[in-house]
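Provide a 3D model corresponding to the input given below.
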Amino acid sequence: MGHRMDKIRLAIVGCGTISRLNVPGYLEHPGCDVVALCDPQPERAEQRARDWGITPRVHTDYAQVLDDAEIDAVELLTPTDLHPQQIIAGLEAGKHVSCQKPIASNIAEVDDIARAVAKAQTMFRTTENFLYYPPLVKAKSLLDAGAIGDPSLVRIRTIRGIYADDAHLMIEPDALVWRQNPKRHAGGVMYDDGWHKYATAMWWLGDIEKVQSFVTKTDDYIAEVPSVATWKFKDKDCLGVLDYTVAPEMPIRTKYYPSDEFFEIQGTQGSIWVTRCTGEMLDMPPVMLMKGTEVQQFQVPMDWIEGFKGAARDFIDGITSGRQPHMDIEFSKKVLQVALSVYEAARTERAVDPTALT
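Numbers count the residues shown, from 1 in each chain. Below is the predicted model of the structure:
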């Protein structure tokens, strides 16, 4: 962008369920103005504007956003199959682009995006809220400080249950429709939600060189439970495990989705637990450091929305400072390769090198 600006003028593209989590951080940022909302249902965009106490321009077509010279950046909260074209068009129009994960459905699409990113004068990142969730950030700082010695195993447990009460985020009816369509979405929970977990593990400990898995297919395209993915980190004597199951009669306390995660990193000198994320099932400190007979507890902000707010801050701060936020195009491609490798490993019943997926 050729002009200097006091604030980044942002358009939110897609005003469905996830916008209620992604947008508050932008609204709170002193260096950001949400100047436009775009949704094929204008009444939904108008309702969001009322909810957020703002008076943005409302567009029903993404082309209108790209033609709007008063918009500097876009946050794409749209179905996955729309991401490649929308990212490329946004960059070609001179906008900074942040796109909700997963970035795309196949590697060829990511390579197309990468070519556009290489040509662009503006910034691109994939939005990944887990990389900003304070308990996971604290775990990384402990890991990087050598608090548990050399790590040997990362375990990420996810349980999907039922809502414990009615005090939770209301999910838009159409939020699950497109996710049920294999032509629009590359997989179920091991792809869509699994992305968060693969990205977190790789952010903690680096690239993954080998993946094995069992993925259960059901009548529900999204469900894929129970499933397990295991992997080896590159150039490390360290493994990772993501296990995913469902407890259809188990209430989970949550303000968001009826899921609960537990993260454990085991090292030569101790272990780190992150006991909370999407849900609030365990009455424990959010971060614990176990070193044999010694246990340290860390109280950090643990509302799940804090990760989304951190992601918003990093995008705006990255634009204004010229610093690349988390999840650049290279990291995004590596995470997608791992996610797709989980399915290839299950299909072939063999270990898969993620970099072999093209």
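
now the strands for the protein?
8-13, 32-38, 57-59, 73-76, 96-100, 124-127, 151-163, 208-215, 227-233, 239-252, 259-267, 271-274, 287-291, 294-298 (DSSP state E).

tell me the mean pLDDT over the second one?
I take that to be strand 32-38. Confidence over strand 32-38 (mean pLDDT, whole number) is 98.

same check on the fourth one?
Taken as a whole, strand 73-76 carries a mean pLDDT of 98.

give me the beta-bridge partners of the residue nearest to E75 when sequence neighbours are not counted?
Spatially, and ignoring its direct neighbours in sequence, E75 is nearest to S98 (4.8 Å; C-beta to C-beta, 6 or more residues apart in numbering). Quick note: C-beta positions are derived from backbone N, CA and C, even for glycine. S98 has these beta-bridge partners by DSSP bridges: E75, R125.

which residues does S98 contact?
73-76, 124-127, 315, 325 (C-beta atoms under 8 Å, 6 or more residues apart in numbering).

what's the burial count for D317?
15 (other C-beta atoms under 10 Å).

returning to that earlier point: need the contacts of S98 in JSON lines (columns: neighbour count and distance to D303).
Below are those laid out as JSON lines (neighbours: other C-beta atoms under 10 Å; distance: C-beta to C-beta, whole Å):
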{"residue": "A73", "neighbour count": "22", "distance to D303": "25"}
{"residue": "V74", "neighbour count": "28", "distance to D303": "26"}
{"residue": "E75", "neighbour count": "24", "distance to D303": "20"}
{"residue": "L76", "neighbour count": "25", "distance to D303": "24"}
{"residue": "F124", "neighbour count": "25", "distance to D303": "28"}
{"residue": "R125", "neighbour count": "24", "distance to D303": "23"}
{"residue": "T126", "neighbour count": "31", "distance to D303": "22"}
{"residue": "T127", "neighbour count": "24", "distance to D303": "18"}
{"residue": "F315", "neighbour count": "26", "distance to D303": "20"}
{"residue": "P325", "neighbour count": "23", "distance to D303": "21"}
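
stretch 215-226 spans what distance, first to last residue?
Using C-alpha to C-alpha, to the nearest Å, one end of stretch 215-226 lies 7 Å from the other.

stretch 224-242 too?
End-to-end for stretch 224-242, by C-alpha to C-alpha: 13 Å.
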